[in-house]
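**Student:** fold the following and give me the result.
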Amino acid sequence: MSATVVVGAGVAGRELHARPVSRAVPGRPIVLVDPRLPSGHGTAPHLDALPDHVDLRDAVVHVCTPTDLHVTTLLDVVDRGARRVVLEKPLATTSDDLDRLATCIERTPDVRVRPVAVWPHAAAIDDLRAVVGAATPRQLAEGRMVMVQTKQRRSDSLAGRGGGQDAFDVELPHMVLLAVHLLGPVVELERSSARSAAWMPELPASGGATVRLRHGSGAVSTLVTRLDSSGRRRHVTVAMGRRWRRVHLPVDRHHPWSLTTGPDGTIVRRTESPLDRFFVEAYSLLTGPGPHARPTVSLQEHLHAARTCLQARSLAGRDGSTPS
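**Tutor:** Model (predicted):
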């Protein structure tokens, strides 16, 4: 059996990639690559030190490095022969990096890249797809989606869970992707604002951000993330005319369920494992029938959502530039 190589053994690499892959593809060898780890026992300090039995040409390589190194790392493993890559979000932290990623995908068609897509693989999202799918063109044009996510990012860091501190790198890439997936391409970025957290005033989006998008269908999505909240919440509401559903999504691995509510007051509870479902699909696509199999979320949706997120960050004034 070919191996899984996880490049970057921080929280994302260990807990959000290696662990669910071991469940989704049982028995598959997993090698962690990170200079902070001691070598041996399935680990390597760098790609040059991979065990002899691991061939990147046959492996599935996961890019879980710090966010600003995602594209550079992906291009490196592709140069080393990797042809199956899982890419953690955000896809890129600059427009130049996103252009480099898109160029790599276009010019090396034998390379299969599957960016991580979490919430489109939650079973409860089917309830929202049903609302959108049943909408008339007029209802869709007047449709609304609101997604709210709150967490205490500082407590995550103090608990050793590390990761980014910027709303445009932490949560918004996943939220924008879900909006694009449900409502279609974005034609106008109506609003983007950010605020800093009290403990990190030097980072403008450390406290959270709000983004409002108008989609080609006419529908509007409003995405709100707060990284300095005292509690964890994650819910999304889609309304098309009189039809609507609200889905409360899992907030952590200790609360792995969703709740769907609607106009009749019925509550549907589901046990969720969206990451496991994503990896089952990703490995089927990467190691299975070929590049023409259709994924739940297309690569075009991923790239469009990533571009939209970068423009939202720019509009919010995070980097002082003007959105294109």
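
**Student:** could I have the CA atoms of stretch 56-71 written out in CSV?
**Tutor:** This file holds the C-alpha atoms of stretch 56-71, laid out as CSV (Å, rounded to 0.1, in the frame of the first residue of the first chain):
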residue,chain,number,x,y,z
LEU,A,56,6.4,10.6,-3.3
ARG,A,57,5.3,9.5,-6.8
ASP,A,58,3.0,6.9,-5.2
ALA,A,59,2.1,8.7,-2.0
VAL,A,60,-0.7,11.1,-1.2
VAL,A,61,1.0,14.2,0.2
HIS,A,62,-0.8,16.5,2.6
VAL,A,63,0.4,20.1,2.8
CYS,A,64,-0.2,21.3,6.4
THR,A,65,2.7,23.8,6.8
PRO,A,66,2.2,27.3,8.2
THR,A,67,-0.3,29.1,6.0
ASP,A,68,2.2,31.4,4.2
LEU,A,69,4.1,28.3,3.0
HIS,A,70,1.2,26.3,1.6
VAL,A,71,1.9,27.1,-2.1
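
**Student:** what are the buried residues along it?
**Tutor:** The neighbour-count check on stretch 56-71 (16 or more other Cβ atoms under 10 Å) flags Leu56, Ala59, Val60, Val61, His62, Val63, Cys64, Thr65, Thr67, Leu69, His70, Val71 as buried. To be clear about C-beta, it is placed using only N, CA and C from the backbone, and glycine gets the same treatment.

**Student:** the second one contacts Arg84, correct?
**Tutor:** By that I understand Ala59. Yes. Ala59 is in contact with Arg84 according to Cβ atoms under 8 Å; the separation is 7.1 Å.

**Student:** ok, then the element right after the helix or strand Leu189 falls within?
**Tutor:** Element membership for Leu189, per DSSP states H and E: strand 186-195. Remark: after strand 186-195, the chain's next helix or strand is strand 208-215, criterion DSSP H and E.

**Student:** how many degrees apart are that next one and strand 186-195 in direction?
**Tutor:** Here strand 208-215 runs at an angle of 170 degrees relative to strand 186-195 (axes from the mean of the first three to the mean of the last three Cα atoms, to 10 degrees).

**Student:** which is the next helix or strand following strand 208-215?
**Tutor:** Per DSSP H and E, the first helix or strand lying C-terminal to strand 208-215 is strand 220-226.

**Student:** how about that next one: buried residues?
**Tutor:** Within strand 220-226, the residues that count as buried by 16+ other Cβ under 10 Å are Val220, Ser221, Thr222, Leu223, Val224, Thr225, Arg226.

**Student:** list the helices and strands that strand packs on?
**Tutor:** If contacts are counted by 3 or more Cβ pairs under 8 Å, 6 or more residues apart in numbering; DSSP states H and E, strand 220-226 sits against strand 144-152, helix 172-183, strand 208-215.

**Student:** please identify the most buried of these.
**Tutor:** The highest mean neighbour count among those, using mean count of other Cβ atoms under 10 Å, belongs to helix 172-183: a mean of 25.
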